[in-house]
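**Q** Need coordinates for the following:
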Amino acid sequence: MMVEHDPAMRAVEATLFAAQTPMTVDQIKAYVGEAIDVADALTRLEAHYAGRGIELVKRGKAWHFQTAADLAHLLRREREESRKLSRAAVETLAIIAYHEPVSRAEIEGIRGVQISKGTLDVLMEAGWVRPAGRREVPGRPLTYATTGEFLAHFGLQSRRDLPGIADLRAAGLLDPVDLAFDGVQGGSAVENGDLPEGGDSELEIGDESA
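**A** Numbering: from 1, shown residues only. The predicted model follows:
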């Protein structure tokens, strides 16, 4: 049951409300102190805000307040022209999401073709992909991973929520013939993070401003 004036909940709520970016439990503790059970306060706040106009949500390991998804249209005053991701960008994004951290060479090995630098630039400009350090191998290639913005845009709490083969087939995104594709280290294209070869696979970059 919600305690309206619980000090711990008020401290955590105020910290998240003032934050410009999502915060992890440890980051919140740096503000409210170790004496407060931040995890418990977050759980109770999440329940308190459930179903309201503002919701407390967890993306990956970070928490933040956001407008309830079913009310987002009320805040849209203009819609910028959306850009569609190219097929190469969609496939690259999928490979990174399923295999991260992954290098350019590894992406190319899974796709079977080279990717242009511009493809990764587009994904990073969209805020969905970030550099994730370098491999400790000769040449020390840069690796890439998805971001919290990627999770938020696609409504995922973590990468564990990414669709599996059954989900992709049910959505009509996977043809039986595609399962015969031999990706890197064996397995199907989807199992190896690639998207099916058939049809147009395009995603819109969310350019809607509130």
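**Q** check which helix or strand covers Glu106.
**A** According to DSSP states H and E, Glu106 maps onto helix 104-111.
**Q** Can you tell me how far Arg159 is from Ile96?
**A** In this view, Arg159 and Ile96 are 10 Å apart by CB to CB, to the nearest Å. Just so you know, the C-beta spots here come from the backbone N, C-alpha and C atoms, and that holds for glycine as well.
**Q** So if I had to pick from those two, which one is more boxed in?
**A** For Arg159 and Ile96, the more surrounded residue by other CB atoms under 10 Å is Ile96, and the numbers stand at 25 against 14.
**Q** what about this protein, any weak spots by pLDDT?
**A** By pLDDT under 70, the low-scoring segments of the chain are 1-4, 75-83, 165-210.
**Q** can you pull out the strands in it?
**A** Remark: strands assigned in the chain by DSSP state E are 23-24, 54-59, 62-67, 78-79, 83-84, 102-103, 129-134, 142-146, 204-205, 208-209.
**Q** Need the residue closest to the centroid of this protein.
**A** Most central in the chain under CA atoms, centre = their mean is Leu151, positioned 1.9 Å from the mean C-alpha point.
**Q** Check the spacing between it and Met9 real quick.
**A** Noted for Leu151: a distance of 25 Å to Met9, by CB to CB.
**Q** what's near enough to touch the residue nearest to the centre of the chain?
**A** Leu151 is in contact with Arg59, Gly60, Gln157, Ser158, Arg159, counting by CB atoms under 8 Å, 6 or more residues apart in numbering.
**Q** Which residues are in contact with Arg159?
**A** Taking CB under 8 Å, 6+ apart, we find Arg159 in contact with Ala97, Tyr98, Glu100, Thr146, Leu151.
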